[in-house]
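K.L.:
compute the structure for the input listed below.
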Amino acid sequence: MVLLTIRELKKQAGPSPHSDRFRAQLSGLGQKTTKTGNPFYEVKFADAEESLVLRVWNNTPMFQFCSELQEKRFYEVTGDFALGND
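P.N.:
Residues are numbered from 1 along each chain as shown. Below is the predicted model:
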């Protein structure tokens, strides 16, 4: 798996998930609630060129991990990425 910039990740994104990884600084982290009352995290990463907002739903294994993230730290993020519907 090749290490991408956020810009490259966005260019590759499509309707089907694709396994990729990137390194970036955590520039924002907030817990929100859906219209149906389910909690989720909105996680914003930024690198030298762009930023990317990821949503982590409460029914995924990474939800609990998000509470341990710290803003302004750098992370390597690996996952299956696809375009959202918003």
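K.L.:
what's the helix or strand for the residue lying closest to Arg73 once chain neighbours are set aside?
P.N.:
Nearest-residue entry for Arg73: Leu26, 5.7 Å, with adjacent residues in sequence omitted and distances by Cβ to Cβ, 6 or more residues apart in numbering. (Each C-beta comes from the backbone N, C-alpha and C, glycine too.) Here Leu26 sits within strand 18-33, counting by DSSP states H and E.
K.L.:
buried stuff in the helix or strand following that strand?
P.N.:
Next helix or strand after strand 18-33 toward the C-terminus (DSSP H and E): strand 39-46. Neighbour counts over strand 39-46 (16 or more other Cβ atoms under 10 Å) mark Phe40, Tyr41, Val43, Lys44, Phe45 as buried.
K.L.:
equivalent analysis for stretch 57-68, please.
P.N.:
So, applying 16+ other Cβ under 10 Å, buried residues of stretch 57-68: Cys66.
K.L.:
now it: mean pLDDT?
P.N.:
Stretch 57-68 shows a mean pLDDT of 94.
K.L.:
any idea how far that stretch is from the chain center?
P.N.:
12 Å (Cα atoms, centre = their mean, to the nearest Å).
K.L.:
the spatially closest residue to Glu8 that is not a sequence neighbour: how many residues sit nearby?
P.N.:
In this structure, Glu8 finds its nearest non-sequential neighbour in Phe22, 8.0 Å apart by Cβ to Cβ, 6+ apart. Neighbours of Phe22 under the rule other Cβ atoms under 10 Å: 22.
K.L.:
check contacts around the residue nearest to Ala24 when sequence neighbours are not counted.
P.N.:
Among residues not flanking Ala24 along the chain, Phe45 sits closest, at 3.8 Å (Cβ to Cβ, 6+ apart). Applying Cβ atoms under 8 Å, 6 or more residues apart in numbering to Phe45 gives the contacts Ile6, Phe22, Ala24, Gln25, Leu26, Ser27, Ser51, Leu52, Leu54, Tyr75, Val77.
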